[in-house]
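> build me a model from this:
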Amino acid sequence: MDVELMLKVYPFFIKAAWVTIELSILTTILGLICGSLGAAARLSRLKVLRYVGAAYVSFIRGTPALIQLFILYFGGPQIGIQLDAFEAGVIGLGVNIGAYMTETIRGAIIAIDKGQVEAARTLGMSRLQTFRKVVLPQAMRLMIRPLGVNINALIKGTALVAAISVVELTYTAQRYIGSTYKPFEMFLISGLLYMIIIYVTGRAVAWLDRRARIV
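Coordinates of the predicted model:
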C-alpha cells in the first residue's frame, strides 16, 4: 500500500468530500419536499391525486437511479431542459429518494391510532388542526429513524453522479486511478471518507431520535 501517495492526494479527496456533503444536503432537502408532497398525494381523498402519487412512487422505485440521471442530464436538452452536472445530480437523486421518503412519511402517518384522530374531531378540531396538533407530532417521531436510513442510502447513492462527471469522491478516485494506477489506495481513501460522512449522519439521526422521544 502506497501510504506516501495517499498522503499526497488526500487534500483533493477532502475537497471532493465537501462536494459530496453539499450534494447530500441539497438532495435530502429536495427529497423531503418530494416525499412530503408524494405522501400528501397518496393520502389524499381525491382519487386522481392518489393515482399520481402511486404512479410517481412506482415509476421512480421501479427504474434504476442511474437511468433516471442519464435521462435528465443527457436526454433533458432534447426537450429544452439544460442542466449542468451538479444540478442534474441534485434533481435526479432528490426526486429518486423522494419516492422512498414518500412511503416512509406515509407509513408513519397511517401508523397513528385512528382513535386519537376521532377523539380530536370529537373535541371540535378541524381536519387541519387534528393533523397539525395530533397526527404530525407523533408521526414525526416515528419517521426519524426510517428517514435516517433513506438519507444514508442517499449518501452512498451520490456515487452515481460520477457517471455524469460531478467531481465528488467516486469521480475523484476514478480520476486518480487513471493517473496513478493505484485503485486500492484511491478507493480506500474514498471509502473511508464516505464512512465518516455516514457515521456523522447516523449519530445526528440518533440524537434527533432521542430528543424526539424525550419531548
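> run a quick neighbour tally on Met6.
Close neighbours of Met6, defined as other Cβ atoms under 10 Å, add up to 17. Yep, even glycine has a C-beta here, placed from its N, CA and C like the rest.
> and for Ser24?
By the other Cβ under 10 Å criterion, the neighbourhood of Ser24 contains 24 residues.
> okay, it: pLDDT?
Ser24 carries a pLDDT score of 95 in this model.
> let me know whether it touches Ile197 as I believe.
Yes: at 7.3 Å, Ser24 and Ile197 qualify as touching, with contact defined as Cβ atoms under 8 Å.
> what do those two both touch?
With contacts defined as Cβ atoms under 8 Å, 6 or more residues apart in numbering, the residues adjacent to both Ser24 and Ile197 are Ile155.
> got the buried residues for the strand or helix carrying Asn150?
Under the assignment given by DSSP states H and E, the secondary-structure element containing Asn150 is helix 136-157. Taking 16 or more other Cβ atoms under 10 Å as the basis for neighbour counts, the residues of helix 136-157 that come out buried are 138-148, 150-152, 154-155, 157.
> how about stretch 29-40?
Neighbour-count burial for stretch 29-40, counted by 16+ other Cβ under 10 Å, picks out Leu30, Gly31, Leu32, Cys34, Gly35, Leu37, Gly38, Ala39.
> would you turn those residues into TSV with pLDDT?
What follows is the buried residues of stretch 29-40, written out as TSV (pLDDT from 0 to 100):
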residue	pLDDT
Leu30	96
Gly31	96
Leu32	95
Cys34	96
Gly35	94
Leu37	95
Gly38	94
Ala39	93
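> now the two most distant members of the residues you listed.
Farthest pair in the buried residues of stretch 29-40 (Cβ to Cβ) is Leu30 and Ala39. Separation: 14.8 Å.
> max-length helix in the protein?
The helix that spans the most residues within the chain, counting by DSSP state H, is helix 3-42.
> what's the helix or strand just after that helix packed up against?
Beyond helix 3-42 on the C-terminal side, the first helix or strand identified by DSSP H and E is helix 47-62. Contacts defined by 3 or more Cβ pairs under 8 Å, 6 or more residues apart in numbering; DSSP states H and E place helix 47-62 against helix 3-42, helix 85-110.
> off-centre distance for the shortest one?
Averaged C-alpha coordinates place helix 85-110 at 6 Å from its chain's average position (Cα atoms, centre = their mean, to the nearest Å).
> angle of it against helix 3-42?
Between helix 85-110 and helix 3-42, the angle comes out at 50 degrees (axes from the mean of the first three to the mean of the last three Cα atoms, to 10 degrees).
> can you tell me what sits against the helix or strand following helix 85-110?
With elements assigned by DSSP H and E, the helix or strand that comes after helix 85-110 is helix 114-122. Outside helix 114-122, the residues within contact range by Cβ under 8 Å, 6+ apart are Arg127, Gln129, Thr130, Lys133, Val134, Val135, Gln138.
> so what's the residue count around Val205?
Residues contacting Val205 under the criterion other Cβ under 10 Å number 18.
> no further questions, thank you.
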